[in-house]
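1. mind folding the following:
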Amino acid sequence: MVGAEHKRAPVLLRDHLQGDESDSLRLLMRCREMGLDQAMVLATCDRCEVWAAVTDETRAAADITTLIAEAAGQDLAQVAGQLHTLSDDTALRYAFGVAASLESQVIGEPQVLGQVKDAYRLTTRSGMSGSMLDGILQAALAAVKR
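-> Residues are numbered from 1 along each chain as shown. Okay, here's the model as predicted:
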């Protein structure tokens, strides 16, 4: 997972990354062009993140960082230091926390779950889902319901 979120990235960067579904789809298609098979873009007022299931974390993180800088229309060197990168168990805990709205500026805000579901739907419709990403998101959504 690589992205800009409210704890680390300034509002100006997040504003540059905010967009609609077509912007998220464009970013997903750029992920595909860079060789990612399973990716989801979660773009809200608090964050713009790419969640991906990959085998080479280092390469994927560098590629996603490049894509985010491109989407923001900013220099890679400027953007890279404002992003956070998570992997393995840390990324899983974070995904569950985001889905449960525990990683939001306002803890428990109800629209976050809908935003995660919308992002997941777009991922599925665009053909960027797969067994690993599906399993993570299904588990996170089930945990939120509990």
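2. so where's the chain shaky on pLDDT?
-> Residues of the chain meeting the criterion pLDDT under 70: 10, 12-13, 16.
3. now the helices for the protein?
-> Assigned by DSSP state H, the chain shows helices spanning 11-17, 21-33, 57-72, 76-80, 88-99, 111-125, 131-145.
4. if I look at the residue located most distally from the centre of the chain, how far off is Ile136?
-> Of all residues in the chain, Arg146 has its C-alpha farthest from the mean position, at 23.0 Å, by Cα atoms, centre = their mean. Going from Arg146 to Ile136 by Cβ to Cβ, to the nearest Å gives 16 Å. For glycine as for every other residue, the C-beta is placed from the backbone atoms N, C-alpha and C.
5. circling back to that earlier point, and the helices of the chain, which is most packed in?
-> Of all the helices of the chain, helix 57-72 has the most neighbours on average by mean count of other Cβ atoms under 10 Å, namely a mean of 19.
6. so what's Gly108 closest to, chain neighbours aside?
-> Distances taken as Cβ to Cβ, 6 or more residues apart in numbering place Ser101 nearest to Gly108, at 5.1 Å, with adjacent residues excluded.
7. what does Ala80 give?
-> Ala80's closest residue in space is Thr65 (Cβ to Cβ, 6+ apart), at 5.3 Å.
8. just checking, the one you found touches Leu83?
-> Yes: the pair formed by Thr65 and Leu83 meets the contact definition of Cβ atoms under 8 Å, at 6.0 Å.
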